[in-house]
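Got a sequence here, can you build the structure:
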Amino acid sequence: MIHIGPFQFGYQAVQDKGRRQAPRSRVYHESEVLDKYKRLRLQATAQDQARNQSLVAWMVRKHLDYVSKFHFSFRSQKDGIDALVNRIFRWHGSPRNLDYLGRFGRDEMFRLFELEKVLCGDAGLLKLDDLKLQAIESDLIAKGADAPKEVNDSGLVVDKTGRVLQYAICNRGSMGGECKFDHLESANNLIFDGYWNRFSSQFRGVSPLSTAINTVQDIHEGFEFNLIKGKMHALFGVAIYRDAMGDSGMGNASGAHNTRAWVAETYDWVAGDYCVYLGKLYACASAHSTTTASVFATDLAAGKWTVDASDTGLNLDPRTVNILDLNPGEKAEVLESSTPSSEFVEGSYLFIQIAMLALDIPITCFDSRRSSFSARIADLNEYEVSSDYKRTKNRYVRKEYSDWVLETIWNDPQTPWPLRKVAAADGMALRDVQESVEWIPSGSPWLDKYKQIQGDQLGISIGLDNAIDACRRRGSDVFDNIDKQAQVIAYAKEKGVPLVAAGSADRTIGEVDNSENPDAQPAQGQKNE
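Numbering: from 1, shown residues only. Below is the predicted model of the structure:
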């Protein structure tokens with residue numbers, strides 16, 4: 001009879017066999033897993049790493065370059081409202097019109113907003129009455145001292161379903177290190193966003209760097225220890241050993257040997273030793289030996305110097321070439337160091353790759369020398385897929401911002417902008433104006449412009465792609481490109497300067513090539529020959 005154990009058809013992940021960390025037995029609310037004290041430690045550690053560790057600072061900058069940069073686009077096919085709305089947002093993008101403190105323009109403000117989200121999990125932008133935004137850092141949304149009792153430990157006032165009604169806004173006091181309750185702010189007045197890793201049991205966002213913090217710290221400490229090891233090895237460069245006189249190499253009565261070495265310490269004249277300053281090194285010859293001291297030299301930037309300690313004086317001759325002339329019985333050892341070892345370098349490369357996974361950044365961004373062009377293209381495509389939801393989150397944030405700006409101007413009778421009047425003349429309501437706003441991401445950079453344009457052109461020609469999406473992948477707008485090109489063509493014609501189309505010596509830009517269809521109608525301004 002075959003006995004079937006109790007776990008024959010079970011999940012092995014829930015079986016504790018004592019060979020690894022025991023499986024978890026309870027599911028907690030996320031605010032219990034990361035309470036306010038642990039959350040502050042996580043935020044402080046992430047911020048410290050971004051300040052002091054180049055790897056984290058670079059990872060965050062690379063992430064921000066890709067997911068936080070957008071440009072404004074408004075196109076309703078109605079010239080009056082198009083011109084006005086685009087003018088409003090050009091005006092509002094400057095620091096003095098956007099930022100409460102007048103420091104940051106729109107692009108920099110939203111870049112810092114995403115930076116706070118990455119390092120601290122979430123962030124807020126407070127809408128003020130004068131169309132300005134005030135940045136609210138993550139740790140200032142908290143249950144500070146003297147907060148009302150309805151504020152939970154996450155710094156929120158929520159209803160029984162968990163919907164946020166108000167945010168508790170704090171300040172750091174006069175000393176900057178104490179979180180004190182300031183006021184409650186309605187959820188409608190705060191643009192709030194964060195990184196969520198749970199479905200519903202999460203009030204506050206969690207930094208995506210949380211999975212990489214320990215790995216990055218270990219990498220950093222490994223680098224530091226290897227640098228210290230390398231410095232210690234570099235402390236001594238050459239050691240010269242001399243046998244005691246007449247002992248046949250067996251040592252004197254005490255068994256001691258006299259040693260001369262290059263040392264990186266500061267001596268001038270030391271009792272019993274001759275030492276001379278040579279750039280950054282000091283050559284020291286022991287005076288306790290009855291044998292003639294050896295002559296040895298080094299090559300320095302100031303010239304090639306020879307140290308002769310065979311007499312009571314020291315002679316420096318800049319014309320002498322490098323030599324190492326040892327007495328009988330002496331030997332010299334060059335102290336070499338293989339720090340950092342090749343194994344350490346390869347291991348660090350793997351750990352850096354694992355750390356970069358926290359932000360989905362491919363390793364080819366860190367070191368492109370180890371990959372081919374096609375591999376970089378493949379990695380970039382995967383990164384775009386991984387980053388799409390992050391861009392979408394930031395697009396929603398920008399959309400909430402633009403909706404607020406338009407609604408505020410629309411309902412303000414004192415505003416100098418005639419938005420309501422112009423929109424009504426074009427038959428558009430406020431919602432129509434808001435829905436015509438688009439925030440277009442900056443797109444990915446060109447890796448090989450010629451090849452990628454050829455691919456886009458082929459996809460468009462067979463219907464797999466279109467010019468609008470192809471331009472947006474590179475952070476541009478095809479309609480803006482056409483408008484600008486039309487201005488260039490008109491200006492060139494006005495000046496009588498032909499713009500020759502690429503690949504055609506007899507056709508100018510803006511003209512239609514009918515060489516393959518002689519029956520086609522000529523383009524405007526073009527004559528049939």
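
Please make it C-alpha for all contacts and neighbour counts, starting now.
Noted.

List the buried residues of the longest helix seen in the chain.
Counting residues, the longest helix in the chain under DSSP state H turns out to be helix 373-411. Within helix 373-411, the residues that qualify as buried are 376-377, 379-380, 383-384, 387, 390-391, 393-395, 397-399, 401-407, 409-410, counting by 16 or more other C-alpha atoms under 10 Å.

Repeat that for stretch 180-187.
The neighbour-count criterion (16+ other C-alpha under 10 Å) identifies 180, 181, 182, 184, 185, 187 as the buried residues of stretch 180-187.

Show the contacting residues for the first one.
By that I understand residue 180. By C-alpha atoms under 8 Å, 6 or more residues apart in numbering, the residues touching residue 180 are 144, 145, 146, 170, 171, 172, 173.

re the thing from before, right, and the helix or strand after the longest helix of the chain?
Sequence-wise, the next helix or strand downstream of helix 373-411 (DSSP states H and E) is helix 419-425.

and that following helix, what does it pack onto?
helix 79-92, helix 373-411, helix 430-435 (3 or more C-alpha pairs under 8 Å, 6 or more residues apart in numbering; DSSP states H and E).

Any idea how far it is from the middle of the chain?
Helix 419-425 has its C-alpha centroid displaced from the chain centroid by 43 Å (C-alpha atoms, centre = their mean, to the nearest Å).

so which of the helices and strands packed on helix 419-425 gets nearest residue 119?
helix 373-411 (14.5 Å; C-alpha to C-alpha).

what is the orientation angle of the closest one with helix 79-92?
100 degrees (axes from the mean of the first three to the mean of the last three C-alpha atoms, to 10 degrees).

circling back: most neighbours among the contacts of residue 180, please name it.
Neighbour tally across those (other C-alpha atoms under 10 Å): the maximum, 24 neighbours, falls on residue 170.

just checking, that one is part of a strand?
Yes: under DSSP: H, G, I helix; E, B strand; the rest coil, residue 170 falls within a strand.

got a pLDDT number for it?
For residue 170, the model assigns a pLDDT of 93.

what's the answer for residue 163, then?
We have a pLDDT of 92 for residue 163.

Angles on the backbone of it, please.
phi -70, psi 130 (degrees, to the nearest 10).

Could you tell me how many residues sit around it?
Residue 163: 12 neighbours (other C-alpha under 10 Å).

The one 5 residues further on too?
Other residues within reach of residue 168 by the criterion other C-alpha under 10 Å amount to 23.

Now do it against residue 218, distance only.
Residue 168 sits 36 Å away from residue 218, taking C-alpha to C-alpha, to the nearest Å as the criterion.

what do you get for residue 347?
12 Å.

intersection of neighbour lists for these two?
What both residue 347 and residue 218 touch, as defined by C-alpha under 8 Å, 6+ apart, is an empty set.

Residue 206: which of the helices and strands packed on helix 419-425 is closest?
Nearest of the helices and strands packed on helix 419-425 (C-alpha to C-alpha): helix 373-411, 13.9 Å.

which helices and strands does that closest one pack with?
Against helix 373-411 (3+ C-alpha pairs under 8 Å, 6+ apart) you get helix 54-67, strand 190-194, helix 419-425, helix 430-435, strand 437-441.

what's downstream of the longest one, the next helix or strand?
The reference is to helix 54-67. strand 70-74.

cool, and the second one?
Once strand 190-194 ends, the next helix or strand along the chain (criterion: DSSP H and E) is helix 213-235.

So what's the gap between that next one and the chain middle?
On C-alpha atoms, centre = their mean, the centre of helix 213-235 falls 22 Å from that of its chain.

Now do that helix, average pLDDT.
85.

Quick one: work out the angle between that helix and helix 54-67.
140 degrees.

closest to residue 460 among the contacts of residue 180?
Distance to residue 460 across those (C-alpha to C-alpha) is lowest for residue 170, with 53.2 Å.

What is the three-state secondary structure of the residue nearest to that closest one when sequence neighbours are not counted?
Closest residue to residue 170 apart from its sequence neighbours, by C-alpha to C-alpha, 6 or more residues apart in numbering: residue 181 at 4.3 Å. Assigned with three-state DSSP, residue 181 falls in the strand class.

tell me, how many neighbours does residue 136 end up with?
21.

on that earlier part again, quick one: the residue nearest to residue 170 from residue 133, how far?
20 Å.

and what of residue 112?
13 Å.

Between these two, point out the one with more neighbours.
When residue 112 and residue 133 are compared for neighbours, residue 133 comes out ahead with 23 against 18, by other C-alpha under 10 Å.

Report the beta-bridge partners for the more buried one.
The partner list for residue 133 in beta bridges (DSSP bridges) reads residue 99, residue 127.
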